[in-house]
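1. below is the sequence, then the predicted model.
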Amino acid sequence: MLTTPPTAAGRAYAQLRSEILDGVLPPGTPLFEVEQSERLGVSRTPVREALSRLVAEGLAEPSAKRGLVVTQVDDRDVRSLFELRSCLEAQAAQLAAVRGDPAVFAEFGDHFTRWRDLFRGPAVSDGQVSDYFALIRRFDEAVNEATDNSFLVDAMEALRTHVARLRRMAGHSQSRLEASASEHSLIARAISRRDAALSAHATHVHLNNSVEHFRQSWRPAETDATEGQRPTTATETPR
């Protein structure tokens, strides 16, 4: 089956979005059409379309003095994000426990247990950390499929965009990675046992620990009064 190549607007959107989520374009960075079109090697029209998509996704916002800028993240945003995430992901875990394939989630439980043991050992590489987050992404996709609820999945996917950005801002510690793997293992095993109540409870525990780690590891970027200057970020630790 032939696939349609991405349009110039699609390529511009994908690159800008990736750079925002990875912290290459930190909060407060101006997104001038002319500058971005020259940097990305496309005309202004596709850049304008890409920026509109970023605004709709909540990754860019209008600024009185600088046009569009990468959105800031403050404590209220973090609180609101995790409040909504707790509701959606707990419900998804419960539905996955009722509707999902137990064997699939039992296998995920085994994978997360192995990662937990790995994180208890010597320092891991950035590549291993990336592999671990790829496993989480596959687990999220399995939960999405198991819910059999497209409206819930759409809401969670919109939310996960911002979760990925927060994770990048907070960085990681090996102790938190170990705890995360243990928490994911418990969620996966609860789903595999069709225990909806434990699936939801384990999800709440994981999210509570995640937000506490984030609050301890991250501080909002300080806005610089100089127009056009990028604010600093608290950490540049890779995901």
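-> Looks like it came in fine. Numbers count the residues shown, from 1 in each chain.

2. where do the strands of the protein begin and end?
-> 60-63, 67-70 (DSSP state E).

3. so which of those strands comes closest to residue 151?
-> strand 60-63 (25.4 Å; CB to CB). For every residue, glycine as well, the C-beta is placed using N, CA and C.

4. avg pLDDT for that closest one?
-> Averaging pLDDT along strand 60-63 gives 92.

5. repeat that for stretch 90-100.
-> Here the average pLDDT along stretch 90-100 is 98.

6. quick check, distance from that stretch to the centre of its chain.
-> Centroid separation for stretch 90-100 versus its chain: 20 Å, with CA atoms, centre = their mean, to the nearest Å.

7. kindly format the C-alpha coordinates of that stretch as CSV.
-> Backbone C-alpha positions of stretch 90-100 (Å, rounded to 0.1, in the frame of the first residue of the first chain) are rendered in CSV as follows:
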residue,chain,number,x,y,z
ALA,A,90,-7.7,5.5,35.7
GLN,A,91,-10.8,5.0,33.6
ALA,A,92,-8.7,3.6,30.7
ALA,A,93,-7.0,1.1,33.0
GLN,A,94,-10.3,-0.1,34.3
LEU,A,95,-11.7,-0.6,30.8
ALA,A,96,-8.5,-2.3,29.7
ALA,A,97,-8.9,-4.7,32.6
VAL,A,98,-12.5,-5.5,31.5
ARG,A,99,-11.9,-5.6,27.7
GLY,A,100,-8.3,-6.3,27.1
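
8. and the contacts of it?
-> 105, 142-149, 152-153, 156, 187, 190-191, 193-197, 199-200, 202-204 (CB atoms under 8 Å, 6 or more residues apart in numbering).

9. one step back: just say which of the strands of the chain is most tucked in.
-> When you average the neighbours per residue for each of these (mean count of other CB atoms under 10 Å), strand 67-70 leads with a mean of 20.

10. contacts for that one?
-> So strand 67-70 is in contact with 20, 25-33, 51, 54-55, 59-63, going by CB under 8 Å, 6+ apart.

11. in this protein, which spans are helices?
-> 8-21, 33-40, 44-57, 75-99, 102-119, 126-147, 150-170, 174-192, 196-217 (DSSP state H).

12. and the contacts of strand 67-70, which of them are buried?
-> The neighbour count (16 or more other CB atoms under 10 Å) marks 20, 25-33, 51, 54, 59-60, 63 as buried among those.

13. for these, which one is nearest residue 208?
-> Nearest member of the buried ones among the contacts of strand 67-70 to residue 208, counting by CB to CB, is residue 27, at 24.7 Å.

14. which non-adjacent residue is nearest the residue nearest to the spatial centre of the chain?
-> Residue closest to the average C-alpha location in the chain (CA atoms, centre = their mean): residue 164, at 1.7 Å. Leaving aside its chain neighbours, residue 164 sits nearest to residue 21 (5.3 Å; criterion: CB to CB, 6 or more residues apart in numbering).

15. same deal with residue 19?
-> Residue 19's closest residue in space is residue 25 (CB to CB, 6+ apart), at 4.5 Å.
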